[in-house]
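Peer 1: sequence plus predicted model, see below.
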Amino acid sequence: MSVWRKHNIIAFVSLSIALLVTGCENKNSQCQRLIQVVNEGNALIDQNKGKQAITSLQLSKDLEAINTSLEELKLADPKLKEYQTRFQKVFDSLSQAIAKAAKALATAKSAENSPSGREKLQKARSEIDTALTTVSKTTGKDSDTLMQDLNKYCNQP
């Protein structure tokens with residue numbers, strides 16, 4: 001076999017492998033990876049609804065980890081990158097609000113049975129309500145809409 005022919009075969013095989021490797025990461029697989037991380041975050045929230053302050057603080061940390069996982073996704077599709085960024089904002093907002101509510105709940109639990117303790121309790125209750133109401137009204141709706149949009153985009157040919 002001539003040297004020229006060997007080089008042609010090697011070049012052809014190399015090109016084929018390169019195309020195969022880059023072709024594997026298409027829009028659908030990128031969508032699946034993004035949706036999987038988002039679903040993990042949503043599952044954490046669903047599992048921890050109505051839990052105590054300690055678990056709420058842990059949920060906040062877990063949501064920060066989800067945010068890190070989202071950040072580490074290497075998405076090539078520009079539209080999916082946009083969804084990725086928007087989901088990062090959603091999980092960041094949720095994490096911060098849950099942490100704030102958890103700290104307020106811990107403060108409320110440590111309040112003494114006295115006028116200053118009741119004042120502390122009322123302030124904590126107000127902080128919890130504000131944090132969770134804001135999140136449920138804005139971030140929750142944004143997340144739902146964003147997930148619907150992502151599913152629509154991912155189901156397009």
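Peer 2: Looks like it came in fine.
Peer 1: can you give me the helices in the chain?
Peer 2: Taking DSSP state H to define them, one finds helices in the chain at 3-24, 27-47, 53-72, 78-109, 115-134, 140-155.
Peer 1: make TSV from those helices and add mean pLDDT and mean neighbour count to it.
Peer 2: Bear in mind the C-beta positions are built from the backbone N, C-alpha and C, glycine included. Output for the helices of the chain, formatted as TSV (pLDDT from 0 to 100; neighbours: other C-beta atoms under 10 Å):
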stretch	mean pLDDT	mean neighbour count
helix 3-24	49	10
helix 27-47	88	16
helix 53-72	85	17
helix 78-109	88	19
helix 115-134	80	14
helix 140-155	88	14
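Peer 1: separation between residue 118 and residue 62?
Peer 2: 33 Å (C-beta to C-beta, to the nearest Å).
Peer 1: what does residue 97 give?
Peer 2: For residue 97, the distance to residue 62 equals 14 Å [C-beta to C-beta].
Peer 1: I'd guessed residue 91 sits against residue 63; true?
Peer 2: Yes - counting by C-beta atoms under 8 Å, residue 91 does reach residue 63; the two are 5.1 Å apart.
Peer 1: name the residues contacting each of the two.
Peer 2: Taking C-beta atoms under 8 Å, 6 or more residues apart in numbering as the criterion, residue 91 and residue 63 both touch residue 41.
Peer 1: you'd agree residue 142 is up against residue 92?
Peer 2: No - the pair residue 142 / residue 92 is not scored as a contact, 11.8 Å apart, by C-beta under 8 Å.
Peer 1: contacts for stretch 30-49 next, please.
Peer 2: 55-56, 58-59, 62-63, 66, 69-70, 73, 75-77, 80, 83-84, 87, 91, 94, 143, 147, 150-151, 153-154.
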